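Undergrad: What follows is a predicted structure for the sequence shown.
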Amino acid sequence: MAHHVGTYYGYREIALPLRPHKRLPPRATPSPPKLNPVVMERLGVPAYDYRVWSGDVPESYPAEWAALPWFCSQTKWTLRGGPIEAQFSYDGSTVGDTRVLRGSTATLDSFRFFRVRELLPGFHSWYQLIAML
């Protein structure tokens with residue numbers, strides 16, 4: 001499962017290496033800061049973060065949950081192949097919700113952990129999840 005990290009400032013995107021950020025989670029402030037890009041780069045505090053996971057969907061759920069650093073606020077799923085089943089969790093051990101995804105979709109969600117599996121075993125599927133944090 002490939003995992004990518006990035007940050008965007010409005011319409012401008014900057015790729016970042018995988019490293020922890022020392023900042024407040026997005027829900028800690030009532031609205032994102034409205035500063036120009038030069039000031040934002042100097043402060044080093046991005047307005048929004050996103051995480052991207054992609055890869056072939058396994059036939060059964062993996063034992064490990066994929067973890068987001070904070071609860072997401074919006075997701076965008078891109079699917080190729082057959083339908084998939086996704087499980088979501090708030091604590092990484094208890095299943096909070098299970099959904100069948102039959103095509104690419106964007107949703108408003110709040111979860112911290114997820115894992116996916118093929119809905120029809122043997123029917124190859126590929127997925128990409130972009131989680132806005």
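TA: Looks like it came in fine.
Undergrad: Going by C-alpha atoms from here, please, whenever you check contacts or count neighbours.
TA: OK.
Undergrad: State the number of residues packed around residue 94.
TA: Other residues near residue 94 number 11, with proximity taken as other Cα atoms under 10 Å.
Undergrad: quick one: it and residue 68, what's the gap?
TA: 15 Å (Cα to Cα, to the nearest Å).
Undergrad: go on, residue 125?
TA: With Cα to Cα as the criterion, residue 125 and residue 68 are 22 Å apart.
Undergrad: and after whatever helix or strand residue 114 lives in, which helix or strand comes next?
TA: Per DSSP states H and E: residue 114 is located in strand 113-118. Once the chain leaves strand 113-118, the next helix or strand it forms, by DSSP H and E, is strand 125-132.
Undergrad: Kindly spell out which helices and strands sit in contact with that following strand.
TA: In terms of contacts (3 or more Cα pairs under 8 Å, 6 or more residues apart in numbering; DSSP states H and E), strand 125-132 is packed against strand 48-56, strand 74-81.
Undergrad: What residues of the last one count as buried?
TA: Buried residues in strand 74-81, counting neighbours by 16 or more other Cα atoms under 10 Å, are found at 74-77, 79-80.
Undergrad: Can you check what angle separates that strand from strand 48-56?
TA: Strand 74-81 runs at 20 degrees relative to strand 48-56, counting by axes from the mean of the first three to the mean of the last three Cα atoms, to 10 degrees.
Undergrad: Need the contact partners of strand 74-81.
TA: Applying Cα atoms under 8 Å, 6 or more residues apart in numbering, the contact partners of strand 74-81 are 102-110, 123-133.
Undergrad: what about that strand, average pLDDT?
TA: For strand 74-81, mean pLDDT is 89.
Undergrad: okay, it in PDB with CA atoms only?
TA: What follows is strand 74-81, C-alpha atoms only, in PDB (Å, rounded to 0.1, in the frame of the first residue of the first chain):
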ATOM      1  CA  GLN A  74     -13.400  14.600   3.500                       C
ATOM      2  CA  THR A  75     -12.400  11.700   1.400                       C
ATOM      3  CA  LYS A  76     -12.100  11.000  -2.300                       C
ATOM      4  CA  TRP A  77     -12.100   7.300  -3.500                       C
ATOM      5  CA  THR A  78     -10.900   6.300  -7.000                       C
ATOM      6  CA  LEU A  79     -11.600   2.700  -7.900                       C
ATOM      7  CA  ARG A  80     -10.600   0.500 -10.800                       C
ATOM      8  CA  GLY A  81     -11.900  -3.000 -11.200                       C
END
